[in-house]
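**Student:** pasting the sequence and the predicted model now:
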Protein chains: 2
Amino acid sequence: MPTYKLSLAYRGTAYAGWQRQENAVTVQEILEDALAGVLGEAVAVVGASRTDAGVHARGQTVHLRLAREVERGALVFGVNHRLPEDVRVLDAQRADDRFHARFAALGKEYRYRCIAAEVLSPFDAPFALRVERDLDRAALAAATATLVGRHDFTAFALAGGAHQDPVRTVTHAGWEARGAELDLVILGDGFLRGMVRGIAGTLLEIACGKRPASDVGRLLGGLPRGEAGPTAPAHGLCLERVFYDATGALAATESSSSLC
Amino acid sequence: MPTYKLSLAYRGTAYAGWQRQENAVTVQEILEDALAGVLGEAVAVVGASRTDAGVHARGQTVHLRLAREVERGALVFGVNHRLPEDVRVLDAQRADDRFHARFAALGKEYRYRCIAAEVLSPFDAPFALRVERDLDRAALAAATATLVGRHDFTAFALAGGAHQDPVRTVTHAGWEARGAELDLVILGDGFLRGMVRGIAGTLLEIACGKRPASDVGRLLGGLPRGEAGPTAPAHGLCLERVFYDATGALAATESSSSLC
């Protein structure tokens, strides 16, 4: 069946996450409804990442299989015309008929935005966590570097994920600073449910002096969730990109150099 | 009377502009209502710039005069607690009792955001104009440079402004490029109603080859509004800063170096 790959961006604020569910509006449902309206047939989409309620995406990737070929313009402009303004198809292309958005993904990049300010502007407040100005950046950098590698991330994950195996490989983790903003950028081959937010919440406790930087290494030994810091709020998190080839993942790692 | 200076940021999308008016919700009204709620008395505020319907602000400055002194925290956190999330008081400080937000302003900085992309992401769409990728940047730079100086800007202004004298001094005008984004940054001692949007609309016609770069010089001779290009949409425009001393204006000019 003709298979298409879509690149999607959304503000997660109004949605109960990516994955379709009863009694709550999700991005998957909104997208499937818009596709059905354009194509005149029920369409199921599969997303690379099951982003949680309130989490944003700049580069979610999805696939869909159709009974017949369709024009790219129908999938981009036709679907956007039916989508609410907080969800947009950025691109659509024909993919190999065996392409699977989740199983074919080699890696993902997430960004957790923090801004050190007394008051966040209305341009930043929906997308970033307000933090204190006097964070310990040396401790933050030391603790964050510990994350890179293949580890058991149980301590940082929320219950309810579909995964059985809690071992994941983080290929890059660092903080990018720009003015008052300080963002955690993390790349890996996959992420457990709530893992990036658990990591962000724990690292921010280290940056505030509430726990030692060495805690991260200890937690990566498979300690239970209660041992790590809180799950940082969803609105600071954004799925930036999904990688389907090693070149892309490598280029991303190099461009997101750590400044902190 | 104790006088306070507030720094304000707002998304203009939902508002009929800054200035209070009948039958439409404006930012001035929203702010005055929130202040009255906190202070228990009717409060009138004066804004440095009467931003038009749909125009955003990152650095609107306002003054208010009160019967008695109030704590800074009441003006920042107390007022923010009563404001909708698209309007925020970023700072408040006691000012000289003769301070006037509009009359004391030495200059203002505006930014008109353009993004060359097939589809704008939901993060950019409310704040930027979508433009074509093949803009003539050399023509754009040449035409934009012509704006700097003291000129009659009648050709770019909308009717209905409070001003009688159409002569203004532009101290800096240039385009900043970053990835697919290309922003007009313009500083001056004051701006006629709709002037930045008239300039943006005209410059974009030049960038598309619809008119020669030399048109700007001709229009600055006081030609009527109909001779210039269209008024660019409000949502791309943002009042970035208001300057009250020459040092501030100079620093801003230097930091907003033109890359185009």
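**Tutor:** Done, it's in.

**Student:** so what secondary structure elements neighbour the biggest strand by length in chain A?
**Tutor:** Scanning chain A for the longest strand, with DSSP state E as the assignment, gives strand A:167-178. Using 3 or more CB pairs under 8 Å, 6 or more residues apart in numbering or on different chains; DSSP states H and E, the elements in contact with strand A:167-178 are helix A:137-145, strand A:149-152, strand A:181-188, helix A:246-255. Just so you know, the C-beta spots here come from the backbone N, C-alpha and C atoms, and that holds for glycine as well.

**Student:** ok, the closest residue to A:D52 other than its chain neighbours - contacts?
**Tutor:** Among residues not flanking A:D52 along the chain, A:G17 sits closest, at 4.9 Å (CB to CB, 6 or more residues apart in numbering or on different chains). With contact set as CB atoms under 8 Å, 6 or more residues apart in numbering or on different chains, A:G17 has these partners: A:26-27, A:50-55.

**Student:** could those residues go into TSV alongside secondary structure, pLDDT and neighbour count?
**Tutor:** TSV is the format used below for these (DSSP: H, G, I helix; E, B strand; the rest coil; pLDDT from 0 to 100; neighbours: other CB atoms under 10 Å in any protein chain shown):
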residue	secondary structure	pLDDT	neighbour count
A:T26	coil	98	19
A:V27	helix	98	28
A:R50	coil	96	18
A:T51	coil	97	25
A:D52	coil	96	22
A:A53	coil	97	17
A:G54	coil	98	18
A:V55	coil	98	28
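
**Student:** from what I can see A:L182 touches A:A117, true?
**Tutor:** No: judged on CB atoms under 8 Å, A:L182 makes no contact with A:A117 at a distance of 11.0 Å.

**Student:** what does the stretch 51-200 of chain A have sitting close to chain B?
**Tutor:** A:56, A:58, A:76-77, A:80, A:85-91, A:118-123, A:125-127 (CB under 8 Å from any CB of the partner chain).

**Student:** mind listing what A:Y15 touches?
**Tutor:** With the criterion set at CB under 8 Å, 6+ apart, A:Y15 makes contact with A:25-27, A:30, A:53-54.

**Student:** any idea how far A:M195 is from A:Y10?
**Tutor:** 20 Å (CB to CB, to the nearest Å).

**Student:** what's the neighbour count on the nearest residue to A:Y10 once chain neighbours are set aside?
**Tutor:** Leaving aside its chain neighbours, A:Y10 sits nearest to A:V87 (4.4 Å; criterion: CB to CB, 6+ apart). Here the count is done by other CB atoms under 10 Å in any protein chain shown, and A:V87 has 22 residues near it.

**Student:** and what of A:G40?
**Tutor:** 8.

**Student:** list the contacts of it.
**Tutor:** No contacts exist for A:G40 under CB under 8 Å, 6+ apart.

**Student:** quick check, pLDDT for it.
**Tutor:** At A:G40, the pLDDT value in this model is 94.

**Student:** kindly report the same for A:T247.
**Tutor:** 59.

**Student:** next one: A:R133
**Tutor:** For A:R133, pLDDT reads 88.

**Student:** I'd like to know how far A:L203 sits from A:T144.
**Tutor:** Taking CB to CB, one finds A:L203 at 6 Å from A:T144.

**Student:** so for these two, which residue has more residues nearby?
**Tutor:** A:L203 (30 against 25).

**Student:** isn't there a helix covering that one?
**Tutor:** Yes: with DSSP: H, G, I helix; E, B strand; the rest coil as the criterion, A:L203 is part of a helix.

**Student:** surely it touches A:I186?
**Tutor:** No: contact criterion CB under 8 Å: A:L203 and A:I186 do not qualify, at 10.0 Å.

**Student:** residues contacting the residue nearest to A:Y10?
**Tutor:** A:8-11, A:27, A:30-31, B:122.

**Student:** could I get those residues as CSV with secondary structure?
**Tutor:** Output for the contacts of A:V87, formatted as CSV (three-state DSSP):
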residue, secondary structure
A:L8, strand
A:A9, strand
A:Y10, strand
A:R11, coil
A:V27, helix
A:I30, helix
A:L31, helix
B:P122, coil
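
**Student:** can you pull the contacts of the residue in the stretch 101-250 of chain A positioned nearest to chain B?
**Tutor:** Across the stretch 101-250 of chain A, no residue is closer to chain B than A:S121, which sits at 4.1 Å (CB to the nearest CB). Contacts for A:S121 (CB under 8 Å, 6+ apart) come out as B:9, B:58, B:88, B:90.

**Student:** next one: A:G221
**Tutor:** Here A:G221 is in contact with A:D152 (CB under 8 Å, 6+ apart).

**Student:** hey, what's it bridged with?
**Tutor:** A:D152 (DSSP bridges).

**Student:** state the distance from it to A:L39.
**Tutor:** Distance from A:G221 to A:L39, by CB to CB: 49 Å.

**Student:** buried set for the helix or strand hosting A:E32?
**Tutor:** Under the criterion of DSSP states H and E, A:E32 resides in helix A:27-39. Of all the residues in helix A:27-39, those buried under the rule 16 or more other CB atoms under 10 Å in any protein chain shown are A:27-32, A:34-35, A:38-39.

**Student:** please apply the same query to stretch A:103-122.
**Tutor:** Of the residues in stretch A:103-122, those buried (16+ other CB under 10 Å) are A:104-105, A:107-115, A:117, A:119-122.

**Student:** ok, now stretch A:10-18?
**Tutor:** Those would be A:10-12, A:15-18, for stretch A:10-18 by 16+ other CB under 10 Å.

**Student:** now stretch A:42-50 - C-alpha only, PDB.
**Tutor:** The C-alpha trace of stretch A:42-50 is given here as PDB (Å, rounded to 0.1, in the frame of the first residue of the first chain):
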ATOM      1  CA  ALA A  42     -10.700   6.400   7.500                       C
ATOM      2  CA  VAL A  43      -6.900   6.800   8.000                       C
ATOM      3  CA  ALA A  44      -4.700   5.500  10.800                       C
ATOM      4  CA  VAL A  45      -1.400   7.200  11.500                       C
ATOM      5  CA  VAL A  46       1.500   5.900  13.500                       C
ATOM      6  CA  GLY A  47       3.800   8.500  15.300                       C
ATOM      7  CA  ALA A  48       7.400   8.000  16.000                       C
ATOM      8  CA  SER A  49       7.000   9.400  19.600                       C
ATOM      9  CA  ARG A  50       4.000   9.100  22.000                       C
END
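
**Student:** chain A next: which of the contacts of A:S121 are close?
**Tutor:** With CB under 8 Å from any CB as the criterion, these include B:9, B:58, B:88, B:90 near chain A.

**Student:** roughly how far apart are the second one and B:R113?
**Tutor:** So the one you mean is B:R58. Applying CB to CB to B:R58 and B:R113 gives a distance of 12 Å.

**Student:** can you work out which residues contact both of these two?
**Tutor:** B:C238.

**Student:** in the stretch 51-200 of chain A, where is pLDDT below threshold?
**Tutor:** Low-confidence segments of the stretch 51-200 of chain A, defined by pLDDT under 70: A:161-163.
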